[in-house]
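Student: quick one: sequence plus predicted model below, questions after.
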Amino acid sequence: MNSDSARTSPATRPQRTKRSVFAGLALHEVRALLRGDPPTERPNPRYRAHVNSFLLHIRPRTYLAAATRLTHTWFLGVLAVLLFAVELVTGVLLMVFYAPTPEQAYASILAITYYTPYGDLLRDVHRLGAEVMVIVVVLHMARTFLTGSYKGPRAFTWLTGVLLLVVTLLLSFSGYLLPWDQLAYWAVTIGTSMAQATPLIGAELNLLLRGATEIGADGLLRFYLLHVLLLPLAGILLIAVHYYRIARHHGISLPAAVEEGDLAPEERAAATRKIDFLPTLFVREVVVVSFVLLALFAAAHYLFDAPLEQQADPFHTPLNTQAPWFFLWVQGLLKLGDKTLMGVIVPVLFFVLLAALPYLDRNPARCWQRRPAAMVLALAVAIAIGVLSYMGTATYGITLPPAVRIAETLAPEEGEGALRSLPYDALTPGSYALDQPISASVSPKLHGVLERYAHLVTAAAAAGELPNAEAFLDIVERQADLKEATVRIVWQPSETERQLTYTRTIYLHRGRNAASIAQDS
Amino acid sequence: MLGCMSNLEITSPLRGIPRRELLSWIWLVAVTAAAAKATELTYSFVRTSRAAQQHTRFDAGTVADLGAMGDAPQPFPEGRFWLAQTPEGVAALDGVCTHLDCLLGWDGQAHEFLCPCHGSRFDETGRYLSGPAPRDMDRFAVEVVDGEGAAVATTDLVGGSTAAPVTPITADAAPDFHLVVDTGQASEGSPAT
């Protein structure tokens, strides 16, 4: 049937409607395409679809077979775009209930988590998706580096990729403040203070970001606008430029072995054979996207809880304040010395050198075996980032007083800790002195925590940190579904000095681990 | 429009530059100027902070409430400062770490201030001990006022005195004199050595 007769015959109107939905393809053609069958009409209507449809016209009609091998690309580019899309969709949904003011932000996150249908899942997917996106983008970059694909005509594409990495990190960081909890507030205080350490423009930059001398309503609104508008727009623009260069300028790189290797003519012919986007690659992408989405939602539902600490308190910095894991290396750098050098100059220089890599690396070889200097340098950078990240963790270089350290293990100011991780019913009310035998009525899980507590105190006493220590745990049911747990450690530094006491109290609610804290030392 | 004026002789004010090129230059300058002005407008707009930081004078209790020399400094969380006895007198130590603005905590066992973010430590008078902080803790102005509200001793931040001398006052047995801390007036700590 030609298109003219289709247009004139009323009997085929439904068919025409379907054709317009599927970019000019008839329904039987769509079915054949999804099954991987050859085209049902002549000329091949699948090529026409690339002209008819906006979404398809940005995809090339054909790819080189070897360039799309799973072991070459690992679908990392597709996955990065997929996660960006997941973040956009879940982000817009979260915006329906989120209120970017210091008075309402925390409460709106609680409302999303506990009182909105599927709100908990949405927030978990948004947070997990953001973290997985950082991993995927870094892996995508590592793959491009290892296969030498950043060289030659792809130099500028690599540069846009580095900018996309920066946008991804900034998106994650700007989203960090929005729940307005302690972790967010202090991580962003540190981040903007680092901006202040920038030579010449630091003070202005800090003022621009915070909107005041300290983070408050203005700072929250500015981070919100950056997070929901400016950075996503920058991301969309950069993805467009990045992808346009791949689709229209140079295509996905061939594996180095095909481009540089000594292949037999028939092997080379097979590797550079053209394969159609429709159906082969399209179907592969649909399968990969479906499985990754399923895995992401399943992981968010069963394995992951987006963290939420106490509401932001501008008058108290919690212990164990720690940057998000992908910025731990910067926190490690900051512990090393001057904030302008370590907090601004070194990280900025790192990203500038990363972006300039294809222009600095003059070795034309792509195969990793023939790039020893680049490989050694990459390994050194990877090890340095690993070591710096370890140094950035909250426990490195920060020696807490022994009693506080033990209280942090059992009932930390922020985060879960041994007591909050117990099921509510396992918290058997009672007064427990650690030098007395533990009563048989205590739940086995609480028994385990008490043993651990006793072990920590004994070890600190043996090390001379807490001489003559006695330790207690009191659990009281204050009201229905609310228990109060008090960790109390008493010690006497020497015979002549008075006794010292450290106390920490936390509240545990049934069904949630958010807790309020009173502490006394 | 120029068509009807084609019989008029239009000469460039700058002889030798073709008219079209001159117009192109004018366009370029105009567009650049407009873009620069738009950037400046945007910058000035977003730079403005809605409210200036409110600095307050805090009543930090009476001279009698002050601890003895060597005691732990007293925290005033709502003003983000600590009152400490130093050999020069009473000092109001800014509780914000001089490294990256985290709030310092007190490590009672080591008798030192400890930054929970990057581990800087300061002694009980705010002097830098260890860690990445670049300088001693900053100090706020302290005034000792008598029962009628008149200042009897103050820090002289400009003159370099960062503590109010209260020892002579306590010696004069005036324990009901109040200490007032002004967080609007601060002096930076000395660089770490």
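Tutor: Looks like it came in fine.
Student: do a quick rundown of the strands in the stretch 151-300 of chain A.
Tutor: A:274-276 (DSSP state E, counting those that start in this stretch).
Student: what's the neighbour count on the nearest residue to A:Val188 once chain neighbours are set aside?
Tutor: Spatially, and ignoring its direct neighbours in sequence, A:Val188 is nearest to A:Leu177 (4.4 Å; C-beta to C-beta, 6 or more residues apart in numbering or on different chains). Where you see a C-beta, it was placed from the backbone N, CA and C, and this is true even at glycine. A:Leu177 is flanked by 27 other residues according to other C-beta atoms under 10 Å in any protein chain shown.
Student: tell me the pLDDT at B:Thr193?
Tutor: If you check B:Thr193, the pLDDT there is 75.
Student: bridging residues for the closest residue to it other than its chain neighbours?
Tutor: Among residues not flanking B:Thr193 along the chain, B:Tyr128 sits closest, at 7.7 Å (C-beta to C-beta, 6+ apart). Counting by DSSP bridges, B:Tyr128 is bridged to B:Phe122.
Student: so B:Tyr128 sits against B:Ala192, correct?
Tutor: Yes - B:Tyr128 lies in contact with B:Ala192 (C-beta atoms under 8 Å); the separation is 4.0 Å.
Student: I'd like to know which elements the helix or strand containing A:Leu128 is packed against.
Tutor: If you go by DSSP states H and E, A:Leu128 is part of helix A:119-146. Packing partners of helix A:119-146 (3 or more C-beta pairs under 8 Å, 6 or more residues apart in numbering or on different chains; DSSP states H and E): helix A:76-95, helix A:105-115, helix A:155-177, helix A:282-302.
Student: between those helices, which gets nearest to A:Pro347?
Tutor: Of all the helices and strands packed on helix A:119-146, helix A:155-177 sits nearest to A:Pro347, with 10.2 Å by C-beta to C-beta.
Student: residue ranges with poor pLDDT in the chain?
Tutor: No chain specified, so I'll use chain A. A:1-12, A:512-521 (pLDDT under 70).
Student: wait, I meant chain B there
Tutor: Along chain B, segments meeting pLDDT under 70 span B:1-14, B:48-55, B:156-174.
Student: out of the helices and strands packed on helix A:119-146, which comes closest to B:Gly16?
Tutor: Of those, nearest to B:Gly16 by C-beta to C-beta is helix A:155-177, at 40.0 Å.
Student: how far off centre is the closest one?
Tutor: Remark: helix A:155-177 is offset 12 Å from the chain centroid, using C-alpha atoms, centre = their mean, to the nearest Å.
Student: so A:Gly415 sits in a strand?
Tutor: No - A:Gly415 is assigned coil when assessed by DSSP: H, G, I helix; E, B strand; the rest coil, not a strand.
Student: ok, it - contacts?
Tutor: By C-beta atoms under 8 Å, 6 or more residues apart in numbering or on different chains, the contact set of A:Gly415 is A:307, A:309, A:320.
Student: same thing but at 10 Å, please
Tutor: The neighbourhood of A:Gly415, defined by C-beta atoms under 10 Å, 6 or more residues apart in numbering or on different chains, consists of A:183, A:307, A:309, A:318-320, A:322, A:394, A:408, A:421, A:513.
Student: near chain B, which of the residues you listed show up?
Tutor: Of the residues in these, proximity to chain B by C-beta under 10 Å from any C-beta of the partner chain holds for A:318-320, A:322, A:394.
Student: so the residue in the stretch 51-200 of chain A that chain B sits nearest to versus A:Val167, what's the distance?
Tutor: Nearest residue of the stretch 51-200 of chain A to chain B (C-beta to the nearest C-beta) works out as A:Ser193 at 4.0 Å. Separation of A:Ser193 from A:Val167 (C-beta to C-beta, to the nearest Å): 22 Å.
Student: how far is stretch A:144-163 from where the chain is centred?
Tutor: 23 Å.
Student: just the CA atoms of it, as PDB, please.
Tutor: What follows is stretch A:144-163 as a C-alpha-only set of coordinates in PDB (Å, rounded to 0.1, in the frame of the first residue of the first chain):
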ATOM      1  CA  THR A 144      37.400   6.100  27.300                       C
ATOM      2  CA  PHE A 145      40.800   6.600  28.800                       C
ATOM      3  CA  LEU A 146      41.800   2.900  28.800                       C
ATOM      4  CA  THR A 147      40.700   2.400  25.200                       C
ATOM      5  CA  GLY A 148      42.600   5.600  24.100                       C
ATOM      6  CA  SER A 149      39.300   6.900  22.600                       C
ATOM      7  CA  TYR A 150      39.900  10.500  23.700                       C
ATOM      8  CA  LYS A 151      42.600  11.100  21.100                       C
ATOM      9  CA  GLY A 152      42.600  12.800  17.700                       C
ATOM     10  CA  PRO A 153      39.100  13.900  16.500                       C
ATOM     11  CA  ARG A 154      37.600  13.100  19.900                       C
ATOM     12  CA  ALA A 155      39.700  15.600  21.900                       C
ATOM     13  CA  PHE A 156      36.900  18.200  22.200                       C
ATOM     14  CA  THR A 157      34.300  15.400  22.900                       C
ATOM     15  CA  TRP A 158      36.500  14.400  25.900                       C
ATOM     16  CA  LEU A 159      36.600  18.000  27.100                       C
ATOM     17  CA  THR A 160      32.700  18.200  27.000                       C
ATOM     18  CA  GLY A 161      32.800  14.800  28.900                       C
ATOM     19  CA  VAL A 162      35.000  16.300  31.700                       C
ATOM     20  CA  LEU A 163      32.600  19.200  31.900                       C
END
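Student: what does A:Leu455 show for phi and psi?
Tutor: Slight slip there: residue A:455 is His, not Leu. phi -60, psi -40 (degrees, to the nearest 10).
Student: burial count for it?
Tutor: A:His455, neighbours per other C-beta under 10 Å, totals 11.
Student: how about A:Ala256?
Tutor: Using other C-beta under 10 Å, the number of residues around A:Ala256 comes to 21.
Student: only the buried residues of stretch A:349-365, if you could.
Tutor: By 16 or more other C-beta atoms under 10 Å in any protein chain shown, the buried positions in stretch A:349-365 come out as A:350, A:354-355, A:357-358, A:361.
Student: for those, which one is nearest A:Ala234?
Tutor: Among these, A:Ala355 lies closest to A:Ala234 (C-beta to C-beta), at 15.2 Å.
Student: does that closest one touch A:Thr157 like I think?
Tutor: No - if you go by C-beta atoms under 10 Å, A:Ala355 and A:Thr157 don't touch, sitting 11.5 Å apart.
Student: on that earlier part again, who has more neighbours, B:Tyr128 and B:Ala192?
Tutor: Counted by other C-beta under 10 Å, B:Tyr128 and B:Ala192 do not tie: B:Tyr128 has more neighbours, with 21 against 17.
Student: quick check: the gap between the more buried one and A:Glu260.
Tutor: To A:Glu260, B:Tyr128 is 57 Å away according to C-beta to C-beta.
Student: how many residues are close by residue 129?
Tutor: Going with chain A. So A:Gly129, with other C-beta under 10 Å, has 24 neighbours.
Student: switch to chain B, that's the one I care about
Tutor: Neighbour tally, B:Leu129, other C-beta under 10 Å: 15.
Student: for it, give its distance to B:Ser120.
Tutor: Counting by C-beta to C-beta - B:Leu129 and B:Ser120 are separated by 8 Å.
Student: how is A:Gly337 assigned, secondary-structure-wise?
Tutor: Per three-state DSSP, A:Gly337 ends up coil.
Student: before we move on, back to that, which residues do B:Leu129 and B:Ser120 both contact?
Tutor: Contacts common to B:Leu129 and B:Ser120, judged by C-beta under 10 Å, 6+ apart, are B:113-114, B:192.
Student: which parts of the helix or strand harbouring B:Val90 are buried?
Tutor: Assigned by DSSP H and E, B:Val90 belongs to strand B:89-94. By 16+ other C-beta under 10 Å, the buried positions in strand B:89-94 come out as B:89-94.
Student: I'm done for today, thanks for sticking with me.
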